[in-house]
Each structure stands twice: as structure tokens, then as C-alpha cells.
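In: Show me the folded form of this:
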Amino acid sequence: MTAAAKDDEIIDEEIVDDDEIIEGEPGASGAGEEAARRPWRGPSPARWALFVVITVAVVVVDQVSKNWLTSLLMPGEAMVVIPGWLNFVHGQNSGILFGMLPQSAFAFAIVSLVVTGLIVVYHAKAGRGIVTTVALALLLGGAIGNLLDRLNHGYVVDWIDMGIGSWRFWTYNVADACITTSILLLILMAVVPRVGEWGADD
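Out: The predicted structure follows:
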């Protein structure tokens, strides 16, 4: 075989190889585009499991902590934990978060029932990112925790009193803390939308 024939053969092989590469690229790209266009079918079973576990954990911790506190202190009594910084008190809140709108326990019990249903529906429609799942689970757990108090007692037990000296924060409970954390996460996702896509559930 002459040198010219060898060169022609090498060129032919390169053209064939290039054709195979070019033909293969659209297929790979098409598969990726198809996956991107595939509609999200809602949270996976694992994501729902995480949602339920967090919700149940919040409710259990909230109720156990309230039962523990009420077994130690009578209504209105307080216990100093860190002088000037942290006290445990037995407060009875007939309003909403942090004692706002008092004497509205029954009305807010009804509202809480509606809200819990809306949270579950919203998670089914928007719970793609893991931060969204965590935020909504904290919100649901907190809502259920305070709802159980309103149904059982007609008021919510608030028991954590924090502050510096005479400057005190509103007295709250575990459910309130979870609700507040959830609201902060939801605000963060509204300001920085990509946070809501972290750990996207495909």
C-alpha cells in the first residue's frame, strides 16, 4: 500500500469517527432535554416520609415539653434557669403566636384546622426542594402542637421566657419557635428563590 493510500484510509476513518460523535450528540442532548421537560409529579415517598417525621417530631417535643413544664409549675409561677437571661414560666395564652390577640382560642383553633390542610396541599404542589419540605413540616408541626393545646385546654401553654435583664422577649413554646423558623425559611426562599431548589426531588 502506498503512502497516499494510507493517508486516504486514515482520513476516511477520522470522518467516520467524527460522524459517529456528531450523530451521538443529539441523542444525549435530547435525553437531557426530555428529562428537563418531564413534569414534576410531586414529592417522592422519601420526601413525604421526611415531611411526616419532622412534623411528628415537632408535635411530640412540643407536647412533652409543655406537659413537663405544667407538672413543675402552677399557672403564673416561674423558675429561674439563667438569672437575668432565661426563665421557665407557666403561661396560658388564649391568643395566637407570642400572646397576640388574646381571648381568641376557639377562633384560632378553627383557623389552625384549615391551615394544617392547606400546608399539606401546598407541600404536595410545591415541596420539591428539601428546604421547602423542612419549612412546611416545621410550620405544620407547630400549628398542630398549638392546636392540640387549644382543643384540650382552650389556651396554649407558653413557657420559655428569654431576655436581657428587664428587656424580655415574648413568652413562647417549642411550637412557636418552629413556626417562626419556618416563616424565616419561607422568607429566605422568597428573597433567594434558588434556596427553594436545594436538594430538588425529581
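
In: Could I get the contacting residues of residue 75?
Out: Counting by C-beta atoms under 8 Å, 6 or more residues apart in numbering, residue 75 touches 90-92. Where you see a C-beta, it was placed from the backbone N, CA and C, and this is true even at glycine.

In: pLDDT wise, what is it at?
Out: As predicted, residue 75 sits at a pLDDT of 95.

In: Surely it forms part of a strand?
Out: No: counting by DSSP: H, G, I helix; E, B strand; the rest coil, residue 75 is not part of a strand but coil.

In: Could you report the separation of it from residue 153?
Out: Taking C-beta to C-beta, to the nearest Å as the measure, residue 75 falls 11 Å from residue 153.

In: Name the residues contacting each of those two.
Out: residue 92.

In: thinking again about what came up before, any idea which of the contacts of residue 75 is the one closest to residue 198?
Out: Comparing the contacts of residue 75 against residue 198 with C-beta to C-beta places residue 91 closest, at 36.5 Å.

In: Which ones among the contacts of residue 75 map onto strands?
Out: Among these, DSSP state E puts 90-92 in strands.

In: How far does the helix or strand harbouring residue 178 sit from its chain's centre?
Out: Assigned by DSSP states H and E, residue 178 belongs to helix 174-191. Mean-position distance between helix 174-191 and its chain equals 8 Å (C-alpha atoms, centre = their mean, to the nearest Å).

In: Would you mark the buried spots in it?
Out: 174-176, 178-182, 185-186, 189 (16 or more other C-beta atoms under 10 Å).

In: just to revisit the earlier point, will you turn the contacts of residue 75 into a markdown table that also has pLDDT, neighbour count and distance to residue 39?
Out: Conversion of the contacts of residue 75 to a markdown table gives the following (pLDDT from 0 to 100; neighbours: other C-beta atoms under 10 Å; distance: C-beta to C-beta, whole Å):
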| residue | pLDDT | neighbour count | distance to residue 39 |
| --- | --- | --- | --- |
| 90 | 97 | 19 | 51 |
| 91 | 94 | 23 | 48 |
| 92 | 92 | 17 | 48 |
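
In: is it true that residue 175 touches residue 139?
Out: No: counting by C-beta atoms under 8 Å, residue 175 does not reach residue 139; the two are 10.0 Å apart.

In: Low-confidence stretches in this structure?
Out: Applying pLDDT under 70 to the chain picks out residues 1-38, 95-108.

In: Would you map out the domains in it?
Out: 1-35, 44-197 (automatic domain parsing).

In: re the thing from before, ok, and what's touching the helix holding residue 178?
Out: Taking C-beta under 8 Å, 6+ apart as the rule, helix 174-191 contacts 58, 61-62, 65-66, 97-98, 129, 131-132, 134-136, 138-139, 141-146, 156, 158, 160, 172, 195-196.

In: mind exporting the helix or strand encompassing residue 110 as PDB, just the C-alpha atoms?
Out: Taking DSSP H and E as the criterion, residue 110 maps to helix 105-126. Taking Å, rounded to 0.1, in the frame of the first residue of the first chain, the C-alpha atoms of helix 105-126 are listed here in PDB:
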ATOM      1  CA  ALA A 105     -58.500  30.500  71.200                       C
ATOM      2  CA  PHE A 106     -61.600  28.900  69.700                       C
ATOM      3  CA  ALA A 107     -61.500  31.100  66.500                       C
ATOM      4  CA  PHE A 108     -57.800  30.300  66.000                       C
ATOM      5  CA  ALA A 109     -58.500  26.600  66.600                       C
ATOM      6  CA  ILE A 110     -60.800  26.600  63.600                       C
ATOM      7  CA  VAL A 111     -58.200  28.600  61.600                       C
ATOM      8  CA  SER A 112     -55.500  26.200  62.600                       C
ATOM      9  CA  LEU A 113     -57.500  23.200  61.300                       C
ATOM     10  CA  VAL A 114     -57.800  25.000  57.900                       C
ATOM     11  CA  VAL A 115     -54.200  26.000  57.900                       C
ATOM     12  CA  THR A 116     -53.000  22.400  58.500                       C
ATOM     13  CA  GLY A 117     -54.900  21.200  55.500                       C
ATOM     14  CA  LEU A 118     -53.500  24.000  53.300                       C
ATOM     15  CA  ILE A 119     -49.900  23.200  54.400                       C
ATOM     16  CA  VAL A 120     -50.300  19.600  53.300                       C
ATOM     17  CA  VAL A 121     -51.800  20.600  50.000                       C
ATOM     18  CA  TYR A 122     -49.100  23.200  49.400                       C
ATOM     19  CA  HIS A 123     -46.400  20.600  50.100                       C
ATOM     20  CA  ALA A 124     -47.900  18.300  47.500                       C
ATOM     21  CA  LYS A 125     -47.800  21.000  44.900                       C
ATOM     22  CA  ALA A 126     -44.500  22.800  45.800                       C
END
